[in-house]
Every structure is written in C-alpha cells, then in structure tokens.
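>>> Here is my input; please provide its structure:
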Amino acid sequence: MNVFELPDFDGHEQVVFANDPKTGLKAVIAIHNTHRGPAMGGCRMWKYVDTQAAVTDALRLSRGMTYKNAMADLPIGGGKAVIIGDARTDKTPELMLAFGEAVERVAGRYITAEDVGSSPADMALVREKTRFVAGLGGELGGRGDPSPATALGVFVGIGAAAKHRLGADSVAGMTVAVQGLGHVGYDLARQLHAAGARLIVTDIHADNCQRAAAEFGAKVVGPDEIYDVDAEVFAPCALGAIVNDKTASRFKFKIIAGAANNQLATDALGEHLKSAGILYAPDYVINAGGIIKVCAEYFKEPAEQVEGRVRKIADTLTEIFTSAASRGANPASVADEMARARFSA
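Okay, here's the model as predicted:
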C-alpha cells in the first residue's frame, strides 16, 4: 500500500501509524490541513476489513474535517484518528492510554476527541497521557458528550432543507428515514419525533431499533431496506459512502440530510442527486455541531454561545442551497468551493 498514491490522500500534511503490541493498539492519525490552526477531529474505533480500509477512512474523515471546520468558521484545521478494532469487545483502558501516548507524540498538531466507538470516558483516559484532547466530562473541566450538539445541528439543518425544497416550516407530518441509531442518530430521532415527524429507522444493533420503536413509535426496517422506503427525508447517521452507484438509483427521497461523514461515495453523485431532484445537505456542513462544541471547550470559549452557533448551521445551509439554485449547481460542489476559499489562504 502506497499511501501517497491512494485516491483519498489529497495532499495530507502528515499520516501517522501507531502500534502498541502490548495493548493491541493499531491506529492511524491523519492530518489533512493546518492552515487555520491545529488539526482537530475525533477518534473513531471500528472493525475495518483491513489496514487499507482503515487508512482510507482516516484520510477521508480527516479531509472532511478540514472542510467542516472551515465552513463552521473555526480556528482549527482538519484531522482524524481511527483505531482498528471492535469498540464493544477490543477496547480496554490500556488501549486508550496507549492511544493517548500516540497523540502526545504528534506534539499538538492533532487534537483528538470522541467519535464513533469512543466516548467521554475514553477521552478521560487519553487525557492522562496528553493535553491535546477535548470532549471531556465536567469533572475534567470539559463539557461532556458533543453528540447532542451534532444532533441539534442536523435537526435544524433538516428544517432548512425542508424549507428550501418543500416550502415547509417544520417537519411535522413528514416521514424521515434515520439510518443509524448511535448517540447522534438516536438523539436526532428524538428531536424529530418531538417535532411531529414520523420515523422509519434501521441500525445494525437490534436493541437500538427496538428502543426507537417503543419510545418514538418508529417503524423498523432492515439495514438494506432503508434505501427503498417512502420518506421525504433520508438522514444517514452511520458510516460513509452510503450514497453510491448501487443505492442512489433506489432513492425516493426529496432530501438527504444526516450526520454521517462522507455520505457521497464520489463527487459525481452530488450532480446525480441534483438531477434526480434530491436536495443534498453537504454532510460536513450539517454535522458540524459536535466540533463547534468541542472546539469551544478546548479554547475555553463561553458555553452559552455554543447553541447559537450550532443553530447557525441552518443559515449556512440556506446560503449554500440558494447559491446552488441560482447557479444551477449542486450543493456539494458549492460547499466545497466555499470551504476551499476559507482553508486555502
């Protein structure tokens, strides 16, 4: 595997491989761009099929953080870490401590936080080995799990998309298909339910689906069936590349707006969605709530300002949608242009 020749390398400044045989740690830290400040992005733990899949995910996620942080107007660059392993069975305190040591060795160019497969408790362990960590619990001076902020950003973003595409003032009465019921997806489902939306849900863990059915009256479908359901909105809140050549032709949705990173398998799919009449909310714009909260924590900005900044995600999306419509362009390409102008200087 030649990292420099991978399609997703995209000029990364630094890629670090961390290995600790004693704890089983195998991690990749990818730093894409630090023009706006130190790279910041969460630590994902996932059972990848092989090392190349893990590297590819780290590169794609890191690049996405550069764009996300720029569009959220944050004083940070883009980076990401992935740990190879099943978070439910392979994660140990010793492994997270070893990961903290790996972050410390990068010497401040990368600041970590939680992501899929990691938690504030894990970040507390990381904090024992490095100060370059955020998303901590209150007992360590942090502000806890950023997932609710991410979910809020996606919720208001869905509202902005519904207003632009459907002329609707709320999601009441709409059907929303939520893919993935982790911390973010489940809280998003809660907010949608409270706002009067009907829910169709799926998750690889049956207990999450059963809970959503019991609490929200959600209809549960299989992981592959979610692409075929009748719903105004599709909210991907699991892993990336779910809009691809195999799934895109199956969609009956009017809007795709969710928390997952890197939802489009290729850039060309942004144009495909536009041609199909599907409004796409660029993932790194709509899901920026968590990093807004984490960045404010790390730089000790007032906590009371965070919610207002998260809610401004709706305004940013409206600006993107309006610009795209006026130019006959797709929102993904417009957002990319705006982001590059912000982080390339």
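
>>> My guess is residue 267 contacts residue 282. True?
No - using C-beta atoms under 8 Å, residue 267 is not in contact with residue 282, being 11.3 Å away. Quick note: C-beta positions are derived from backbone N, CA and C, even for glycine.

>>> Those two: which has the busier surroundings?
More crowded of residue 267 and residue 282, by other C-beta atoms under 10 Å: residue 282, with 30 against 11.

>>> Quick check: closest non-adjacent residue to the more buried one.
Excluding the flanking residues, the one nearest residue 282 by C-beta to C-beta, 6 or more residues apart in numbering is residue 335, at 4.0 Å.

>>> Repeat that for residue 269.
Here the residue nearest residue 269, using C-beta to C-beta, 6+ apart, is residue 243, at 5.3 Å.

>>> Can you report how many residues neighbour that neighbour?
Neighbours of residue 243 using other C-beta under 10 Å come to 27.

>>> Quick check: phi and psi on it?
Main-chain torsions, residue 243, degrees, to the nearest 10: phi -100, psi 100.

>>> That one touches residue 256, doesn't it?
Yes - using C-beta under 8 Å, residue 243 is in contact with residue 256, at 6.7 Å.

>>> and for the two, which residues touch both?
Common neighbours of residue 243 and residue 256, counting by C-beta atoms under 8 Å, 6 or more residues apart in numbering, are 236, 263, 273, 280.

>>> re the thing from before, now do the shared contacts for residue 267 and residue 282.
Contacts common to residue 267 and residue 282, judged by C-beta under 8 Å, 6+ apart, are 332, 336.

>>> measure the spatially most central residue of the chain to residue 193 for me?
Note on the chain: the residue nearest the mean C-alpha position is residue 261, at 4.0 Å, using C-alpha atoms, centre = their mean. Going from residue 261 to residue 193 by C-beta to C-beta, to the nearest Å gives 24 Å.

>>> what does residue 41 give?
According to C-beta to C-beta, residue 41 and residue 193 sit 30 Å apart.

>>> can you check residue 344 too?
41 Å.

>>> which residues does the closest residue to residue 327 other than its chain neighbours contact?
Of all residues not flanking residue 327 in the chain, residue 334 sits nearest, at 7.2 Å (C-beta to C-beta, 6+ apart). Residue 334 is in contact with 320, 323-324, 327, counting by C-beta under 8 Å, 6+ apart.

>>> would TSV of the residues you listed with distance to residue 100 and neighbour count be doable?
Converted to TSV, the contacts of residue 334 look like this (distance: C-beta to C-beta, whole Å; neighbours: other C-beta atoms under 10 Å):
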residue	distance to residue 100	neighbour count
320	37	27
323	42	15
324	42	22
327	46	10
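
>>> Turn these into JSON lines, including distance to residue 93 and pLDDT.
Formatted as JSON lines, these follow (distance: C-beta to C-beta, whole Å; pLDDT from 0 to 100):
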{"residue": "320", "distance to residue 93": "42", "pLDDT": "98"}
{"residue": "323", "distance to residue 93": "48", "pLDDT": "98"}
{"residue": "324", "distance to residue 93": "47", "pLDDT": "98"}
{"residue": "327", "distance to residue 93": "52", "pLDDT": "96"}
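
>>> I'd like to know which of those residues is nearest to residue 85.
Within the contacts of residue 334, the smallest distance to residue 85 is 36.4 Å, found for residue 320 (C-beta to C-beta).

>>> Just list what the helix or strand that contains that closest one packs against, helices and strands only.
Taking DSSP states H and E as the criterion, residue 320 maps to helix 313-327. Helices and strands touching helix 313-327, by 3 or more C-beta pairs under 8 Å, 6 or more residues apart in numbering; DSSP states H and E, are helix 147-166, helix 283-286, helix 331-343.

>>> Give me the angle between that helix and helix 331-343.
110 degrees (axes from the mean of the first three to the mean of the last three C-alpha atoms, to 10 degrees).

>>> which of the residues in helix 313-327 are buried?
Buried residues in helix 313-327, defined by neighbour count with 16 or more other C-beta atoms under 10 Å: 313-314, 316-318, 320-321, 324.

>>> what residues does that helix touch?
With C-beta under 8 Å, 6+ apart as the criterion, helix 313-327 contacts 71-72, 153, 156-157, 159-161, 163-165, 274, 279, 281-282, 285-286, 288-289, 329-331, 333-335, 338.

>>> And what about residue 17, helix, strand or coil?
Following DSSP: H, G, I helix; E, B strand; the rest coil, we place residue 17 in the strand state.

>>> That one: neighbour count?
Quick note: residue 17 (other C-beta under 10 Å) scores 14 neighbours.
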